[in-house]
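Colleague: A predicted structure for the sequence below; I have some questions about it.
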Amino acid sequence: MIYRTLGRTGLRVSLASFGTGGPSNLGQAKGLSASEQDALIRRCLDLGINLFDTSKSYGGSEMILGRALRGVPRESYHLVTKWWGSQAADVLPDEPAELRASVDRSLRRLRTDYVDVMLFHGPLPGQYGQMVERYFPEMERLREEGKLRFTGFSERFHADPEHRLAKIALSSDPGLWDVAMIKYGILNQYAAREVLPLAQEHGVGIMNMAAVRIKLPDPRLLEELIADWKARGLTPADGVPAKDPLGWLVRGEVDSVISAAYKFAADHPAISTVLTGTSSVEHLAHNLAALERPGLPEADTKRVVDLFSHIAEYA
Ligand SMILES: NC(=O)c1ccc[n+]([C@@H]2O[C@H](COP(=O)([O-])OP(=O)(O)OC[C@H]3O[C@@H](n4cnc5c(N)ncnc54)[C@H](OP(=O)(O)O)[C@@H]3O)[C@@H](O)[C@H]2O)c1
């Protein structure tokens, strides 16, 4: 396993980290039994993963993670969890005390007395002021009490594909945010324009989320997406084939489109770790092996950048 430093936190984190949300949701969406869930987490540890991401909003993920990590020395892994109140309201109804109550619940479920990184979970750009003025002071108090070590935010990428929240946060108050969870991948390169350089400049650790997600593992969805982008003039009609549009990435040391996607997601120097959200031990091994191998051939990276880097859409 390759390890990188998570920005100014100084934490040494595995390049592959494990995400317990997303479409697989620690196997909850795929019908994994409790012992299969535990085995998946134990396999992560065996393979060198030392960073686990969860949230109060991921069904039973915190509880499952706490159960699976029982007996594992606490200093051998890092935990990230999250809180955000109402998802859509302009004026958020939750009192800051709800953040405190949520952290306490997360600690109980995770069977620990601290989390390494506590994130505001997907605020909208228009909610940034409240995140800083209403909730950040409580986050600071929780840090002083030792319930959390570092603070940050994740973005709500389907509603904010231009990364406006992250741009505001990292340009106006970079000193507040130790970590940002951003979506960056073959089909979502827009963060490379401003957000990733800002993070590098200010030492903000970047956790890269959802680099594969829905479209890349599903050939039909990928073909539909590319056909739509071509029809709307977002990518040239003759840029990639209609069938298996990214199949040309599979060559040399790159054994699948998914491997190419995780590799690309790790290649930017601002990125400390790439989350994988699989429910399968076979997929886990495959994805980690991809991240261990050298980067994509330069010509393929250039082609991917030429084709998609200007597109700011949820994909
Ligand atoms: N706003 C936020 O805060 C936010 C939003 C999204 C995600 N996240 C975090 O980021 C994590 C990562 O996002 P994600 O879960 O979308 O992860 P992802 O790794 O980009 O995508 C996971 C999906 O890809 C499939 N997959 C993975 N490896 C595969 C392989 N080798 N072959 C075929 N299919 C494969 C998985 O299915 P299988 O289970 O079948 O492998 C799953 O459906 C989440 O779990 C969550 O912790 C945070």
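Modeller: Arrived safely, thanks for sending. Quick caveat: nothing in here was measured; it's all calculated off a predicted structure.

Colleague: and the residue of the stretch 201-315 of the chain found nearest the ligand, what is it in contact with?
Modeller: Closest to the ligand within the stretch 201-315 of the chain is G277: 1.9 Å, counting by CB to the nearest ligand atom. All C-beta atoms are positioned from the backbone trio N, CA, C, and that covers glycine. Applying CB atoms under 8 Å, 6 or more residues apart in numbering, we find G277 in contact with 18-25, 210, 212-213.

Colleague: ok, which stretches of this structure are strands?
Modeller: Taking DSSP state E to define them, one finds strands in the chain at 3-5, 12-14, 16-19, 51-53, 78-83, 115-121, 148-154, 179-182, 205-208, 271-276.

Colleague: elements contacting the last one?
Modeller: Of the remaining helices and strands, those touching strand 271-276 by 3 or more CB pairs under 8 Å, 6 or more residues apart in numbering; DSSP states H and E are strand 3-5, strand 12-14, strand 16-19, strand 205-208, helix 257-266, helix 281-292.

Colleague: Dump the strands of the chain into TSV; add distance to K167 as well.
Modeller: TSV is the format used below for the strands of the chain (distance: least, CB to CB, whole Å):
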stretch	distance to K167
strand 3-5	23
strand 12-14	24
strand 16-19	23
strand 51-53	22
strand 78-83	20
strand 115-121	16
strand 148-154	12
strand 179-182	11
strand 205-208	14
strand 271-276	17
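
Colleague: May I see these organised as JSON lines, with mean pLDDT added?
Modeller: As requested, those are arranged in JSON lines below (pLDDT from 0 to 100):
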{"stretch": "strand 3-5", "mean pLDDT": "98"}
{"stretch": "strand 12-14", "mean pLDDT": "98"}
{"stretch": "strand 16-19", "mean pLDDT": "98"}
{"stretch": "strand 51-53", "mean pLDDT": "98"}
{"stretch": "strand 78-83", "mean pLDDT": "98"}
{"stretch": "strand 115-121", "mean pLDDT": "98"}
{"stretch": "strand 148-154", "mean pLDDT": "98"}
{"stretch": "strand 179-182", "mean pLDDT": "98"}
{"stretch": "strand 205-208", "mean pLDDT": "98"}
{"stretch": "strand 271-276", "mean pLDDT": "98"}
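
Colleague: Since that was my last question, I'll sign off now.
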